[in-house]
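A.B. asks: need a 3D model of the following:
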Amino acid sequence: MSTSNSENYDNNSNRIQSELDLVRELNDLLSITNAAALRIASRIDKTPIQEVKQILKKHLNETNMQKIRLKEIIRQFGIEPTNANADLSLSYVSTNTTTIPLQIRISENTKIGAQNKSTKHFLPEENELVQMRQDFTINHDELVAYESLIRKMQIMKIPHQQENLSLLEKSMKEEESMVYWYKMHTPLILDNLWPKVIHTSIRRGQKFLLNYTNKKIPLIIMYADLVGSTNMSMTIPVDNLVTIIRAFDHQISHAVDSLGGYVLKYVGDAVISFFPGSTDNEDRYLASGTSVECGRLMIDAIKDKINSILNELYQYPELFVKIGIDAGENAIVQYGYEQNSLIDILGYSMNIASKIMSITGANKVSIGENIYKSLDPDAQSKFHELSISDDRWKYVNYGTNRPYKVYTSNI
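C.D. replies: Residues are numbered from 1 along each chain as shown. The predicted structure is shown next:
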């Protein structure tokens, strides 16, 4: 074979392979769009919020048109469009993954399905907020996929290129519009639902503690504090401050609820929560790893969810959180004689967790030595002992009468 013929053969093979790759991505996106249409139809029937119902009806019509456009493009390559429905529970939004192909990113990230298991205690309105976050995730992923397909098609030489690009751009703008709608409206909807949302988280914690009133039980205590709220209260309008505090409290509460913990109460700009603290035969607190993971989820939620909305869209200041965790025996006290009287937690670990939080840096998780000793070696390696001056730290380990050690996250 001559050099010229060999080059033509290679070029033709490359062109065919590029077209096959493009069609595969088109079919991948079509399978997601097929599943999205079914999800949207189901959401329309179930959402209790009329504003969401109306926008979903509009987007269902757009999604059905997107299916038609994708099928039209795929058939031009002589291939039958897929009728498959993608597993949308594998989707997870991340603003840092826009350059990764959709089918790879979906398979490698956290499952939305895990969130669904945590909603059994939620009111319909709070469950709706979870569903809206998932709606946003799916629309974001579809938007990224359309952007990727358009970039590839722009550098390929295929029949009807401009017409096909125009079809894809129409669909991309529709997804872009939905992503923007969720970014703009989710905080407003949260504001309207707040009284019911806040009630259900506290109610779960009170119901758990009711079984242990007038007793001492082992608990893991968590304090999550919004950094800089005092300065914000003096520098931004009060309605903006209320929006920030509510968004912060909701995300922190959701992280706790999703891992099986309980919210005790909201105190100013802090959320106090707890995990049942059963121990093994070596006095290790079994939920210690879960509480540390919860702390990391809280930090990620503030960085990736709240800041991306409040800071980018409303120019609110960037938020930070600091978290203190400790474990120990605590007394469960009910202030009153009626069943619905407030129940609180009193104990040494409550005081220590609060103090640990106060000496913790922004976007850090700090833990007492009871928690640290209960972690496996890999989890321990992610912490280092915090050096604290004697005038700032008076707490002792009552088992050894030595200063009680505190550890803080490395990054």
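A.B. asks: what is the burial count for the nearest residue to I371 once chain neighbours are set aside?
C.D. replies: Nearest-residue entry for I371: S288, 4.8 Å, with adjacent residues in sequence omitted and distances by C-beta to C-beta, 6 or more residues apart in numbering. In short, each C-beta sits where N, CA and C put it, glycine included. Residues lying near S288 (other C-beta atoms under 10 Å) number 24.
A.B. asks: how about the contacts made by S288?
C.D. replies: Counting by C-beta atoms under 8 Å, 6 or more residues apart in numbering, S288 touches 220, 327, 367, 371, 374-375.
A.B. asks: L149 reaches R24, doesn't it?
C.D. replies: No: applying C-beta atoms under 8 Å, one finds L149 not in contact with R24, separated by 10.9 Å.
A.B. asks: tell me which of those two has more neighbours.
C.D. replies: Counted by other C-beta under 10 Å, L149 and R24 do not tie: L149 has more neighbours, with 23 against 14.
A.B. asks: how about the more buried one, what does it touch?
C.D. replies: 22, 25-26, 29, 168.
A.B. asks: helices along the stretch 151-300 of the chain, start to end?
C.D. replies: 161-210, 229-235, 238-258, 288-301 (DSSP state H, counting those that start in this stretch).
A.B. asks: mean pLDDT added to the ones you listed, as TSV?
C.D. replies: TSV is the format used below for the helices of the stretch 151-300 of the chain (pLDDT from 0 to 100):
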stretch	mean pLDDT
helix 161-210	83
helix 229-235	81
helix 238-258	84
helix 288-301	94
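A.B. asks: need the ones you listed in CSV (columns: distance to I79).
C.D. replies: What follows is these, written out as CSV (distance: least, C-beta to C-beta, whole Å):
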stretch, distance to I79
helix 161-210, 14
helix 229-235, 56
helix 238-258, 41
helix 288-301, 40
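A.B. asks: out of those, flag the one nearest Y316.
C.D. replies: helix 238-258 (6.2 Å; C-beta to C-beta).
A.B. asks: so which bits of the closest one are buried?
C.D. replies: Taking 16 or more other C-beta atoms under 10 Å as the neighbour-count basis, helix 238-258 is seen to contain the buried residues 240-241, 243-258.
A.B. asks: what of stretch 346-358?
C.D. replies: Along stretch 346-358, the positions that meet the burial threshold by neighbour count (16+ other C-beta under 10 Å) are 347-350, 352-357.
A.B. asks: cross those residues against helices and list the overlap.
C.D. replies: 348-350, 352-357 (DSSP state H).
A.B. asks: how about residues contacting stretch 151-163?
C.D. replies: Contacts of stretch 151-163 (C-beta under 8 Å, 6+ apart): 15, 18-19, 21-22, 25, 76, 164-165, 168.
A.B. asks: export that stretch as CSV, just CAs?
C.D. replies: Output in CSV follows, covering the C-alpha atoms of stretch 151-163 (Å, rounded to 0.1, in the frame of the first residue of the first chain):
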residue,chain,number,x,y,z
ARG,A,151,-17.3,21.1,21.4
LYS,A,152,-16.6,17.7,19.7
MET,A,153,-19.1,18.3,16.9
GLN,A,154,-17.6,21.7,16.1
ILE,A,155,-14.2,20.2,15.2
MET,A,156,-15.7,17.3,13.2
LYS,A,157,-16.5,17.2,9.5
ILE,A,158,-20.0,15.5,9.3
PRO,A,159,-23.1,16.0,7.2
HIS,A,160,-25.6,18.6,8.4
GLN,A,161,-23.1,19.8,11.0
GLN,A,162,-24.6,23.3,11.5
GLU,A,163,-28.2,22.0,11.7
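A.B. asks: circling back: farthest pair in the ones in helices among the buried residues of stretch 346-358?
C.D. replies: Pairwise distances among these were taken by C-beta to C-beta; the largest, 15.1 Å, belongs to Y348 and M357.
A.B. asks: where does the prediction get shaky in the stretch 51-200 of the chain?
C.D. replies: The model of the stretch 51-200 of the chain has pLDDT under 70 over residues 90-126, 190-199.
A.B. asks: can I get the contacts of S288 in JSON lines with pLDDT?
C.D. replies: Written out in JSON lines, the entries for the contacts of S288 read as follows (pLDDT from 0 to 100):
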{"residue": "I220", "pLDDT": "96"}
{"residue": "A327", "pLDDT": "95"}
{"residue": "I367", "pLDDT": "97"}
{"residue": "I371", "pLDDT": "95"}
{"residue": "S374", "pLDDT": "93"}
{"residue": "L375", "pLDDT": "94"}
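A.B. asks: so who does the nearest residue to Y398 once chain neighbours are set aside touch?
C.D. replies: Among residues not flanking Y398 along the chain, Y348 sits closest, at 7.7 Å (C-beta to C-beta, 6+ apart). By C-beta under 8 Å, 6+ apart, the contact list for Y348 reads 328-330, 398.
A.B. asks: as JSON lines, the residues you listed with distance to H140 would be great.
C.D. replies: Conversion of these to JSON lines gives the following (distance: C-beta to C-beta, whole Å):
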{"residue": "G328", "distance to H140": "42"}
{"residue": "E329", "distance to H140": "45"}
{"residue": "N330", "distance to H140": "42"}
{"residue": "Y398", "distance to H140": "50"}
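A.B. asks: which is the next helix or strand following the helix or strand hosting S13?
C.D. replies: S13 is located in helix 3-46, with elements delineated by DSSP states H and E. Sequence order places helix 50-75 as the next helix or strand after helix 3-46, per DSSP H and E.
A.B. asks: and that following helix, what does it pack against?
C.D. replies: Contact partners of helix 50-75 among helices and strands, from 3 or more C-beta pairs under 8 Å, 6 or more residues apart in numbering; DSSP states H and E: helix 3-46, helix 161-210.
A.B. asks: so of those helices, which one's packed in deepest?
C.D. replies: With neighbours taken as mean count of other C-beta atoms under 10 Å, the helices and strands packed on helix 50-75 reach their highest mean count in helix 161-210, at a mean of 17.
A.B. asks: and for T137, the neighbour number?
C.D. replies: When neighbours are defined as other C-beta under 10 Å, T137 has 19 of them.
A.B. asks: walk me through the domains of the chain.
C.D. replies: Annotated domains of the chain cover 3-186, 211-409 [automatic domain parsing].
A.B. asks: reformat those domains into a markdown table and put distance to I202 next to each item.
C.D. replies: Output for the domains of the chain, formatted as a markdown table (distance: least, C-beta to C-beta, whole Å):
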| stretch | distance to I202 |
| --- | --- |
| domain 3-186 | 12 |
| domain 211-409 | 6 |
